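> The sequence and its predicted three-dimensional model are supplied below.
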Amino acid sequence: MAEAAKLGPVPRGRGAKSNRTGRFESQVNEAFDDGWGEDEEPKQLKTELQPMKSRTIIARNQSPDIGFDRSINPYRGCSHGCIYCYARPAHAYLGLSPGLDFESKIFFKPHAGELLTRELSKPAYKPATIHIGGDTDPYQPDEKQLRVTRQVIEVLERCGHPFTIITKSALILRDLDIYARLAARGLTRVAISITTLDRHLARSMEPRAATPGKRIEAVRRLTEAGVPVTVMFAPAIPGLNDHEVEGVLEAAAKAGARGAGYVALRLPREIAQLFEEWLQTDHPDRARRVMSLVRQIRHGENYNASFGERMTGDGPVAEVLRQRFQLAVKKFGLDQPWTALDASQFVPPRTPSQQMDLFG
C-alpha cells in the first residue's frame, strides 16, 4: 500500500486519493511525490459528463442475497465520491480508474425515459418492483440539471409501475410530489443511506454527498408526505463508524423511518487499495486497527464474495454487529412490516409509431 506522503497532491473535495490503474490495463500508472512539488497546492478536479448510448435500461440479476431481480441505474460513476463505493471497480471495464476517474468521469443515459417506455411496452413484459440506484446514486449532484432520474420515475408513475429507490442525497426532495402520489397508491418506498452522524467523518468518506443532517431531514419530509422510508446503515465499518449504529437508527426513527437495514463494508477488487490509501491519509491513527477488523469479518482477507456472507461478514466481530443492529431495530421500532408494492396497477405505456418518429 502506498503511504499517504508518497501520493502527491490530492484533488480537493474527492474521496479517492489516487487514480490507480484499472485491472484490465496492460500498463500501470501510479502517482508519487518526487520532492519537487512540496509546496504545490492540491488542484480541484472537474467533473466530466458523458452521455451513454444504451439499448436497454432495465438490468436483471439472479443474486440470492439481493431483494430484487431488476434495477435501473441512470448513471455510471458517481461524483459523491464515497471512498467505500462497491460500484467503483465497474469503471475498469471502461478503461478508466476506479479511483478519481470513477467520481469525476460520469456517464449518464440522456434518453432514459424513452428507453424505459420502450421496454415496458413490450408485450412479454411482466411487471414487478424495479429498484433504482442499486449501483450508483440516482440523485448525485448532476441530476439537478440532467433530470435523468426524474425522467425514469415520471414514466413509472404514468404506467402505475411499482419501484423502490435508494439515495444518500437530499435532492430526492425535489421530486417529493411524485413520491407522495405514488406512495398513496402503494407504488413506492424510499431508502435513505446514513452512514454516520459525524459531519467530519461524512465529509471525509463521502465528500460530495448530503450532510447527515440533511439526510435525516429528507427522512422527515418524505415521511410527512406519506412516503414509507427505511434507513440503511451502509456500510458498517468496524473500528470507524460501527459504534454509531444505535445513534443513526435512533435519529432516523425519530424522523419517521419505519424500517432499517445494514451492510458490512465490502472491498472487492481495486477498492481495497483505494480504501487503505484513504485511511492512511485521513485516519492514520485508526488505519491499522480498521483493516484488522475488516479482515476479521472476511476470513482474514480484504473481501469475501460468498453469497450469504458478503453483505454481513462472518465471525465474532460480525456477529456482535448483527446483534447490536437487531436490538436497535427492535428498540426504536424500526421493525414495522411492509405492505407489498402493488404491481396490479401497471398499464403498459403507449409508444409513438415509427411513422410519428420519422416526422418527430
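Happy to help now that I have it.

> Pull the residues that contact stretch 44-58.
Stretch 44-58 is contacted by residues 11-14, 70-72, 76, 79, 100, 103-112, 115-116, 119, 130, 141-142, 146, 152 when judged by Cβ atoms under 8 Å, 6 or more residues apart in numbering. (Glycine included, C-beta is placed from N, CA and C.)

> Where does residue 165 sit: helix, strand or coil?
Assigned by DSSP: H, G, I helix; E, B strand; the rest coil, the conformation of residue 165 is strand.

> Let me know whether it touches residue 129 as I believe.
No. Shown here, residue 165 and residue 129 do not form a contact pair, counting by Cβ atoms under 8 Å, at 10.7 Å.

> Name the residue in the two with the higher neighbour count.
A direct count of neighbours by other Cβ atoms under 10 Å for residue 165 and residue 129 places residue 165 higher, at 25 against 20.

> Spit out the contact partners of residue 338.
Residue 338 touches 189, 228, 258-259, counting by Cβ under 8 Å, 6+ apart.

> List the ones among those that fall in strands.
189, 259 (DSSP state E).

> Output the contacts of residue 338 as a markdown table; include the columns pLDDT, distance to residue 268 and neighbour count.
Shown next, in a markdown table, are those (pLDDT from 0 to 100; distance: Cβ to Cβ, whole Å; neighbours: other Cβ atoms under 10 Å):
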| residue | pLDDT | distance to residue 268 | neighbour count |
| --- | --- | --- | --- |
| 189 | 97 | 27 | 25 |
| 228 | 97 | 31 | 22 |
| 258 | 96 | 31 | 19 |
| 259 | 96 | 27 | 20 |
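
> Tell me the buried residues in stretch 317-331?
Residues 317-318, 321, 324-325, 328-329 are the ones in stretch 317-331 that count as buried (16 or more other Cβ atoms under 10 Å).

> Now render the residues you listed as a markdown table, adding pLDDT.
Shown next, in a markdown table, are these (pLDDT from 0 to 100):
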| residue | pLDDT |
| --- | --- |
| 317 | 95 |
| 318 | 95 |
| 321 | 96 |
| 324 | 97 |
| 325 | 97 |
| 328 | 98 |
| 329 | 98 |
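
> now, which of those sits nearest residue 306?
residue 318 (12.8 Å; Cβ to Cβ).

> got the contact list for that closest one?
In this structure, residue 318 makes contact with 264, 297, 312, judged by Cβ under 8 Å, 6+ apart.

> is it true that the first one touches residue 303?
No. With contacts counted by Cβ under 8 Å, residue 264 stays clear of residue 303, the gap being 10.2 Å.

> Now the common contact residues for these two.
Common neighbours of residue 264 and residue 303 are not found (criterion: Cβ under 8 Å, 6+ apart).

> Compare neighbour counts for the two and give me the winner.
The neighbour comparison of residue 264 against residue 303 (other Cβ under 10 Å) goes to residue 264, with 23 against 20.

> which residues touch that one?
235-236, 238, 297, 311-313, 318, 321.

> hmm, 7 Å instead?
Contact partners of residue 264, counting by Cβ atoms under 7 Å, 6 or more residues apart in numbering, are 235-236, 297, 311-313, 318, 321.

> about what we covered before: nearest to residue 64, of the buried residues of stretch 317-331?
Nearest to residue 64 among those: residue 318, at 18.7 Å, using Cβ to Cβ.
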